[in-house]
Structure formats: C-alpha cells, structure tokens
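**Student:** I would like to see how this sequence folds:
(2 chains)
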Amino acid sequence: MTQAEIKLCSLLLQEHFGEIVEKIGTHLIKTGSQPLRVIANDTGMSLDQVKKALCVLIQHNLVTYQLQKRGFVEYEASCSRVLRILRYPRYIYTAKTLYSDMGELIVEELLLNGKMTMSAVVRKVANRLTETMEDGKTMDYGEVSNTFVRLADTHFIQRCPMAPETTETSDAPPPPVPTLAVNEKDMYVVPNLNLIGKGKRRRSFDDEDDGEHKAKRQKQDADSKEPPPDDGIYWQANIDRFHQHFRDQAIVSAVANRMDQTSSEIVRTMLRMSEITTSSNAPYTQPLSSNEIFRSLPAGYNIVKQILDQYLTLLADDPLEFVGKSGDSGGGMYVINLHKALATLATATQESIVQERFGSRCARIFRLLLRKKHLEQKQVEDFAMIPAKEAKDMLYKMLSENFVSLQEIPKTPDHAPSRTFYLYTVNTLSSARMLLHWCYKSVANLIERRQYETKENKRLLEKSQRVEAILASMQATGAEEVQLQEIEEMITAPERQQLENLKRNVNKIDASENQVDETIFVLESYIESTVKKL
Amino acid sequence: MSGSGKGRGRAAFTFNIEAIGFAKGETLPEVAFKPPPLFPPTDFKPVPLKMGEEEDYMLALKQEFRASMKKMPYFMQKEDENQGIEKYSKKYLQMRKESMEWTPAGGKTKKGKVATPKSNVDVLKKIEELEKKGDEEKSDEEKEKEKDKEGEEEEEEAGNEQEEYDEEEHEEENDYIASYFEDGDDFGAGSDDNMDEATY
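**Tutor:** Take a look at the predicted model:
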C-alpha cells in the first residue's frame, strides 16, 4: 500500500464512517492482518470501540476475518475495496440508467448498508418511492421485487457468503468463527418470497389523531416480529460486474469515436452476448460467429448481412486490434481482445496527459516513442521533425517527470559513457502505475481542500442551516410574507455571496473527484489485466 | 599519465559532452540549490471539467450519499469534549443520538465476567479462560450479527434500558437523591468525594 493510497483510504473512511472507524481501518490497512487485542493495544482504543468499528467495517465488506492455525482470529482490511467508495455514485447512476429509479434505489440501499436481506431492501425502497409519489398512491412491493430479481439475474447484485447450517446434534464445540461460504450456483438465486404489501408514507403533520394509535400499532409490530422468511440470506452489490459494465462502455465509446455508430453497435452486441459466458478477467471474449451476431443485433438496426460482414472485417483489420478474427466457420469467428483494448485505452489516457502537460510537440515525441519503442536522441529529432535543441529540451523534461526512460546499451564491457548507446523508450506499465499514484494523490488533495473550505465557513453554514430551519417551520405554520422576508434578511448580502462561492467551490471539487475516478478506473483495469493471476 | 583532461584543476566530464547536446565550452544551466517550489508555475492550464446532465446527477448522488452516511448508525463519532457553553438544544440532540446507539449483538457487559473468576484458580488458567470467552463472545456476535439486522430496533430499546439501569447502578452511596442536582451526573460525580469526607 503506497502512502497516497493509505491517505486516501483514511480520508474516505473518515468522511463516511467517522473518526473511530477511520483510525481502526487505517491501522489495519497499514499493518496487515491482526488479531483483536493487538488492534486495541496499538490504537489505544477500548475493546468495545474496536469491536463496534470492526462490526461496521465487516458489515460493509471492507474487512474480512480468518481463523489462524494457532486458534486466534485475525482481521484484514482490503485497501482496494475502501478505494471503491469513490466510485459509489457511478454504480448508483449506472443502475439508474439500466433499471430506472427502482434499480437506483435498490443499489443505493445496498451500498449504504453493505449487506441487507431482500425483504428489508424491498420494504425500504418501496417506502422511499412512496414518499416521492403523489398523495394517495403507494408503491407495490411486487414491482420492487421484480426489479430486484432482474438485478440478480444480470449479476449486478449477489448473495453474501453465509454461515453454514448448524446441526443440533454436533458434539464438538462451535468454532470460534463461522466459516462463511457461498455456493457458486446459488450466488444469484433469489429466495422464493411472497412479498405482499405496499410502501408506507412517513406521515408528518397530517394525521396527528392517528399518531398515537399508529405508535401503539408500530410497537406491537416490533414486539411480535418474527424473523422474516429470508432471514440469513444477505445480498450485496457485485462490484466486479459493474466494473465489467464500465469497461464495456469504454470500449464501445472508443470504437464509436474511432469509427462510426454502427460499428460501435456491433461491438456492443458482441460484448452483450459475452457478458455471462466470459469471466471478467479473460484476455478475450469467447469467439462469436458472424451469423450469431447478425441474429442478436438490436431490432432497430436493419443492416444487411453483407454490410455486417464488411464492418466486421474492417474492425478486425483496424490497427487498434479491438476485434480479432479467430476462425472462418459460421461466416467468420470474431473475438474482442479485452486486454489489448484496456492497454490501448490506458495508453491513450497517457498520451492525452502528456499533451495537456507538456504541449502537442511533446505529445508527438511521446507517440513516436510508443510506436518505435526505442530511439536514439538523433533519431528522435529526425523522425519527429523537431529542431534539435527543442527536441532535447522536451525529452529531458519528460525524462525528469518519468514519462520516458533511458535504456543503456553498452558497446564495451566497461560501460564507458562515451561508448554507450542511450535509447529513449516508454514503458507503459510503469507510467500507468506512476499516473495512478498521482491520481490517488490528487483525489486526497481534493478531499482535504474541500474539508478545509467547509471548515473555514462552518459558522456561516450553521447560520444558514438554522435560518432555513426557521423558515421551513414558519412556512409550515403559515406565516406572513413580511415575516418570511425578515427572516431571510438575517443573512446579509455579502454572506450570501460567500455562501454561493463556497457552494460553487465545493461542487467543483466534488465533480473533479468524480472525474479523476474515471481515470483511476481505466488505469486500474489496465494494470490489473497485466497482473498474472495464479 | 595522471592529470588528464583539459587542464589542471578544470572540471572534466567522463563522457563526451556533445553527446547530450551542449557545445564545448558553453555555459551549462545553473545547478538547483533548493527543492522545487511547492506550486510551480505551469505553462499549460488544466482542461475544464466535463459538464453535463450526467455529471450533475452524479455530483448530486455523491453529496446525498455522504449526507445519508452521516445519519446512519454506522457513523461513529468521537465524543466531543464539553464546549464551554452548554447549548439548550444539546439535550434534545443527545436523545436522538442515544436512540441510534447500538452494541454488537451478544455483547454482554464485562462486569459480570470479571466478578466470577475471582476464586482460587491459576493466573494462567484464568487468562486462558478469559481469552476463550472473549473469542466465543466474538463468535456469538458474528453469528448473531448475521441474523440480526431485523432485530435492530429491539436491540436499541434493550440497549437503552440497559444504559438507564447502569446509570442508576452508578448511584453514589449517600442519602442524597441523584436528581437533586439539575446538572445531572457530571456534577454529582465531581462532588462525590467531598461528600464522603463530610459525613461522619
């Protein structure tokens, strides 16, 4: 874990879970797996607090536990999972685009709570949707359940590992920790629930007479609560599936930018067909025949088979090599080279970064080096058609920032500098890692700056919140226009200006964090694809 | 033999300086004596942010998510030290906070456990026992936590009752009614020592 990652993780934990959880989480990330008492000792916190914090972290899938051979339990935090918190808005937005408001709320509730049972999710989402509907209408549980089932079928949500069934007649003492396991087949199986009901609106002022009656009824409900039928079956959001979706989106838009809309639709169809058949870190999708692709094209696209074949040939011949031809049966077997596509996307990101940082001439040299792999100083000047002095200057600037590296090839065994070739080269993997590190640092800086801005204006923010609360309560009890005006004037014009500025700055910083996360995703996917999985 | 290079005392590089592009005898760029500035001036300004409906919506989602997380019971705040002036609203905020307090399922207070092994057992055995109990407790918590999300409200109520009981247990052993002092426990705990000394 690099320092930048640890800093970013601690800021994210602090913003979302508070300082106690942040302290314990950061300690675990820094020191690896530790047993409970060592954590309490090292962080100086009471055992109760540590237990509570660990519960929160485990609930949100950020910490796992393991029974060690010696008989004690060790807890381990997952730094990369904590960094995913940055991407939560993107997951929720994706669910919205695919499954509309219901999907959005389901995924949001799952991310807010880490793990939930299906009945709890359905109830909460129905209540939330009912609040936004007009008076008198309520959301039916059935619709929400349907969306839930659809999300599970497309693997966007999955079951959490469960504790094994305990048999009554076991003689051995129960193990210190339950070993949680989930069956591969059951991971997306939705329990057969008969959820009937409607969402409840949270009544505020309207029926005060029923207020008491309702409170009584609610208490009765709480007491006579039997465990719901799907007790013990918890669901969580399947982050990997979302990542797969983002990757597919990136590839499709890259093809659309490079060629045209139709070819991107073809690529999208191919990716959709391979969604469930190909694992998320396969180097290329399963081969698809041209006939299959033709059958699966979306209904709106009526292109002739020959045109489709031409498009496929064009895609396969493209130097970017997103699509490859793997055989001739069935009208031509085509695959999508996923790893190559990710590498191309990462490289394009790096080129764009060089261009924005150093200028278009540096970008030209960078692209040249990418193409030709190794070049000498003189060759760079010749190929790029840039005067010698400027070329040297640019190369040294890029070298000092580590975008470009030198490869020494000695002519003589004593490596004398005057008798050695020095070749410039670009190592995309190491630049990608360096840029990823920069991204983590930038996001950490952005969060800190945002917290600083908010802290500076804390007094003003509190005042404006109080004024709003007063306004709201007065409006509810029916105050006159004049009185409302008076209260609004409690905030003077320069203060209002200051508040506006603050809001604009905070929004800008938040938006930047979201967009840096997009770059983080591309670079991370590329680096992950190069790591050989055992 | 010895003393090669251009001349005695002159700096000479081990390689041909023309290879990196400086002509012979030319002034070399100055050496840096201090670390680079914290905010170096950039030649190229950064590209403006992406604007659009999608970005705005995600921004709103992000801020709402953060706000909701702060209200959830998962958010554990450090106890603030007493700020000089006690606000009137603090009492009502306290009530709301207490309703969100929870303890890990199956967690019993340590008081009962410490009292029992006071007897004549070996020190080592006692430690082992406590450790085992501690682990068992944790495993109980884990199991029950998994099934426990539904009973959260019940837990909170139970937790509340337990807290109230604990407060009453902490009553000082004197004839003074605890509620006599309006400021509550803090004041009472402080003046307790003096009281004990005064009674005969």
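**Student:** what's the pLDDT at A:Trp497?
**Tutor:** You called it Trp, but residue A:497 is Gln. Reported pLDDT at A:Gln497 in the predicted model: 91.
**Student:** That one: neighbour count?
**Tutor:** Taking other Cβ atoms under 10 Å in any protein chain shown as the criterion, the count of residues near A:Gln497 is 10. For glycine as for every other residue, the C-beta is placed from the backbone atoms N, C-alpha and C.
**Student:** Can you pull the residues of the stretch 351-500 of chain A lying near chain B?
**Tutor:** A:Glu356, A:Arg357, A:Phe358, A:Gly359, A:Gln377, A:Ala388, A:Lys389, A:Lys392, A:Ala416, A:Pro417, A:Ser418, A:Tyr422 (Cβ under 8 Å from any Cβ of the partner chain).
**Student:** 7 Å - rerun?
**Tutor:** A:Glu356, A:Arg357, A:Gly359, A:Ala388, A:Lys392, A:Pro417, A:Ser418 (Cβ under 7 Å from any Cβ of the partner chain).
**Student:** now those in JSON lines, with distance to A:Val63?
**Tutor:** Shown next, in JSON lines, are these (distance: Cβ to Cβ, whole Å):
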{"residue": "A:Glu356", "distance to A:Val63": "38"}
{"residue": "A:Arg357", "distance to A:Val63": "38"}
{"residue": "A:Gly359", "distance to A:Val63": "46"}
{"residue": "A:Ala388", "distance to A:Val63": "57"}
{"residue": "A:Lys392", "distance to A:Val63": "52"}
{"residue": "A:Pro417", "distance to A:Val63": "52"}
{"residue": "A:Ser418", "distance to A:Val63": "57"}
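**Student:** Which of those residues sits closest to chain B?
**Tutor:** Set against chain B, the nearest of these by Cβ to the nearest Cβ is A:Pro417 (3.3 Å).
**Student:** burial count for the closest one?
**Tutor:** What A:Pro417 shows, counting by other Cβ under 10 Å, is a neighbour count of 14.
**Student:** ok, of the residues of the stretch 351-500 of chain A next to chain B, which come out buried?
**Tutor:** The neighbour count (16 or more other Cβ atoms under 10 Å in any protein chain shown) marks A:Arg357, A:Lys392 as buried among these.
**Student:** Inside helices: which ones of the residues of the stretch 351-500 of chain A next to chain B?
**Tutor:** A:Glu356, A:Arg357, A:Ala388, A:Lys392 (DSSP state H).
**Student:** can you pull the contacts of the first one?
**Tutor:** Meaning A:Glu356. B:Phe44, B:Pro46, B:Val47 (Cβ atoms under 7 Å, 6 or more residues apart in numbering or on different chains).
**Student:** so where do the strands sit in chain A?
**Tutor:** A:34-35, A:63-67, A:73-77, A:116-117, A:157-159, A:234-237, A:288-289, A:323-327, A:333-336, A:374-376, A:405-410, A:420-425 (DSSP state E).
**Student:** Contacts for the third one, please.
**Tutor:** Translated: strand A:73-77. Outside strand A:73-77, the residues touching it (Cβ under 7 Å, 6+ apart) are A:25, A:28-29, A:32-36, A:54, A:57, A:62-68, A:176-177, B:135, B:138.
**Student:** same thing but at 6 Å, please
**Tutor:** Residues from elsewhere that reach strand A:73-77 (Cβ atoms under 6 Å, 6 or more residues apart in numbering or on different chains): A:Gly25, A:Leu28, A:Ile29, A:Ser33, A:Pro35, A:Val63, A:Thr64, A:Tyr65, A:Gln66, A:Leu67, A:Gln68, A:Val177.
**Student:** repeat for the first one
**Tutor:** If you take Cβ under 6 Å, 6+ apart as the criterion, strand A:34-35 is touched by A:Phe72, A:Glu74.
**Student:** quick one on the thing from earlier: would you turn the strands of chain A into a markdown table with mean neighbour count?
**Tutor:** Formatted as a markdown table, those follow (neighbours: other Cβ atoms under 10 Å in any protein chain shown):
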| stretch | mean neighbour count |
| --- | --- |
| strand A:34-35 | 16 |
| strand A:63-67 | 17 |
| strand A:73-77 | 20 |
| strand A:116-117 | 22 |
| strand A:157-159 | 22 |
| strand A:234-237 | 23 |
| strand A:288-289 | 20 |
| strand A:323-327 | 17 |
| strand A:333-336 | 22 |
| strand A:374-376 | 15 |
| strand A:405-410 | 12 |
| strand A:420-425 | 16 |
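**Student:** Format the ones you listed as CSV; extra columns: mean pLDDT.
**Tutor:** Converted to CSV, these look like this (pLDDT from 0 to 100):
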stretch, mean pLDDT
strand A:34-35, 88
strand A:63-67, 86
strand A:73-77, 89
strand A:116-117, 88
strand A:157-159, 88
strand A:234-237, 89
strand A:288-289, 89
strand A:323-327, 88
strand A:333-336, 90
strand A:374-376, 90
strand A:405-410, 90
strand A:420-425, 89
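**Student:** how about those in JSON lines, adding distance to A:Lys508?
**Tutor:** Output for those, formatted as JSON lines (distance: least, Cβ to Cβ, whole Å):
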{"stretch": "strand A:34-35", "distance to A:Lys508": "39"}
{"stretch": "strand A:63-67", "distance to A:Lys508": "33"}
{"stretch": "strand A:73-77", "distance to A:Lys508": "31"}
{"stretch": "strand A:116-117", "distance to A:Lys508": "34"}
{"stretch": "strand A:157-159", "distance to A:Lys508": "33"}
{"stretch": "strand A:234-237", "distance to A:Lys508": "28"}
{"stretch": "strand A:288-289", "distance to A:Lys508": "44"}
{"stretch": "strand A:323-327", "distance to A:Lys508": "39"}
{"stretch": "strand A:333-336", "distance to A:Lys508": "37"}
{"stretch": "strand A:374-376", "distance to A:Lys508": "41"}
{"stretch": "strand A:405-410", "distance to A:Lys508": "35"}
{"stretch": "strand A:420-425", "distance to A:Lys508": "38"}
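**Student:** A:Ser431: which of those is closest?
**Tutor:** With Cβ to Cβ, the closest approach to A:Ser431 among the strands of chain A belongs to strand A:405-410: 8.8 Å.
**Student:** The closest one pairs with which strands, parallel or anti?
**Tutor:** strand A:420-425 (antiparallel) (DSSP bridges).
**Student:** Could you list the residues in contact with the strand it pairs with?
**Tutor:** A:Leu369, A:His374, A:Leu375, A:Glu376, A:Val404, A:Ser405, A:Leu406, A:Gln407, A:Glu408, A:Ile409, A:Pro410.
**Student:** May I have the beta-bridge partners of the closest residue to the second one other than its chain neighbours?
**Tutor:** Read it as A:His374. Nearest residue to A:His374 in three dimensions, chain neighbours excluded: A:Leu423, at 4.2 Å (Cβ to Cβ, 6 or more residues apart in numbering or on different chains). Counting by DSSP bridges, A:Leu423 forms beta bridges with A:Glu376, A:Gln407.
**Student:** Check the spacing between A:Leu423 and A:Pro410 real quick.
**Tutor:** With distances taken as Cβ to Cβ, to the nearest Å, A:Leu423 is found 12 Å from A:Pro410.
**Student:** So which bits of the stretch 1-150 of chain A are right by chain B?
**Tutor:** A:16-21, A:51-52, A:55-56, A:88-89, A:92-93, A:112 (Cβ under 6 Å from any Cβ of the partner chain).
**Student:** From these, list the buried ones, please.
**Tutor:** Here, 16+ other Cβ under 10 Å leaves A:16-18, A:20-21, A:51-52, A:55-56, A:88-89, A:92-93, A:112 buried among these.
**Student:** just for chain B, where's the confidence low?
**Tutor:** Scanning chain B for pLDDT under 70 picks out B:1-27, B:79-87, B:89-90, B:93, B:95-100, B:104-200.
**Student:** redo that, cut-off 90
**Tutor:** For chain B, the stretches flagged by pLDDT under 90 are B:1-52, B:70-200.
**Student:** hang on, the earlier thing: out of the contacts of strand A:73-77, who's nearest A:Asn507?
**Tutor:** Looking across these and measuring by Cβ to Cβ, the closest to A:Asn507 is A:Gly25, at 27.6 Å.
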